Structures are given as structure tokens and as C-alpha cells.
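Student: For reference, the sequence and a predicted model appear below.
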Amino acid sequence: MLMPSIFRDDLFDDFFGVPFRGYKFDSGTHQMMRTDIKDLDSSYEVTMDLPGVKKEDVNAELKDGYLTINATSDTQKEERDEAGRYIRRERYSGTCSRSFYVGEQITQEDIKARFENGTLKLQIPKKEARPAVEDKKYIAIEG
């Protein structure tokens, strides 16, 4: 049954997606960086799928309260027949990135990260935002 795009993951799948999604030669890049965020009692657990990415190609940066995850992938698929001629030869390389606001009170030391079997897991503690302390400035009154 045909359904409009609003029933898919993204409203713009038909316009900006891979035209032959789901076929054998689809590179699978549309599944990069799928993220689950679990709210635990004292922290958030972020689980990010990074299929085909090596640990050394993942970078996590914390700047101005934003946690940014960058991943680089470079894959090659090569098939030859018995004579050594190419039947198929495909290459993919690219970079993807996701950013999350975690608050300016979180530091690098607070975040714990682990990469295993193409999955990045981050533990981000919950910290309440402290209101800015009002610095009172008094004006001297003469008289």
C-alpha cells in the first residue's frame, strides 16, 4: 500500500533520500548516526549507531555546552571474476556529525564514552543549571 511521506522517518525522504533505498546496492549511509537517548535517574545514556566506522574515526567534542560527535567512514567493495576482471567496484567516503545541547555546566571529565561493535555509548550526568548570581553594584549616595 502506498503511503504519503509523513508516515516515514522523515517528511523529505522522497525528495532528499537515496533514490533506490532498500536495494542490494544501497550503501546504507541513511542509517548512520541513529541515536537513542535514555533518561536515567542521575544521567542520560546516549547510544549512537555508527556501522562500518572504526573507533579512531570517531571524534567527540564539547564546546559552549554543545556535545558534537563526528564520524568519518571510508569503505571499498570490490568483486572480481575468475579472470581477475572487475564485476563490481564501489567506494564510499564521507563524514557525518550530530550535536546535542548538554548545558554549559557539563565538563569533558563528566562525560564517559565507550565505543564497541559500531556503537558509541555516552553517559552524560544530569546537572541542574545554576542561575547566574546577580552581582549587586551599589551607588554611593552623598549628603
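Tutor: Thanks, I have the structure now.

Student: Could you tell me which ranges of the protein sit under the pLDDT cut-off?
Tutor: Applying pLDDT under 70 to the chain flags residues 1-32, 129-133, 143.

Student: Any idea which residue is closest to the centre of it?
Tutor: residue 98 (3.9 Å; Cα atoms, centre = their mean).

Student: list the helices and strands the helix or strand hosting that residue packs on?
Tutor: For residue 98, the host element (DSSP states H and E) is strand 86-101. Here strand 86-101 touches strand 66-80, going by 3 or more Cβ pairs under 8 Å, 6 or more residues apart in numbering; DSSP states H and E. Every residue, glycine included, has its C-beta placed from N, CA and C.

Student: Which other helices and strands does the strand it packs on contact?
Tutor: The contact analysis (3+ Cβ pairs under 8 Å, 6+ apart) places strand 66-80 against strand 58-63, strand 86-101, strand 119-125.

Student: Next, the residues that contact the longest one from outside, please.
Tutor: Taking Cβ atoms under 8 Å, 6 or more residues apart in numbering as the criterion, the residues outside strand 86-101 that touch it are 25, 27, 29, 32-33, 35, 46, 48, 65-81.

Student: quick revisit: could you identify which of the helices and strands packed on strand 66-80 is most buried?
Tutor: strand 119-125 (a mean of 18; mean count of other Cβ atoms under 10 Å).

Student: partner residues bridging residue 48?
Tutor: Note on residue 48: beta-bridge partners by DSSP bridges are residue 35, residue 120.

Student: actually residue 101, not the one I wrote
Tutor: Beta-bridge partners of residue 101, as defined by DSSP bridges: residue 66.

Student: what do you get for residue 93?
Tutor: Beta-bridge partners for residue 93, by DSSP bridges, are residue 74.

Student: From residue 64, how far out is it?
Tutor: According to Cβ to Cβ, to the nearest Å, residue 93 and residue 64 sit 29 Å apart.

Student: same check, this time on residue 83
Tutor: In terms of Cβ to Cβ, residue 83 sits 57 Å off from residue 64.
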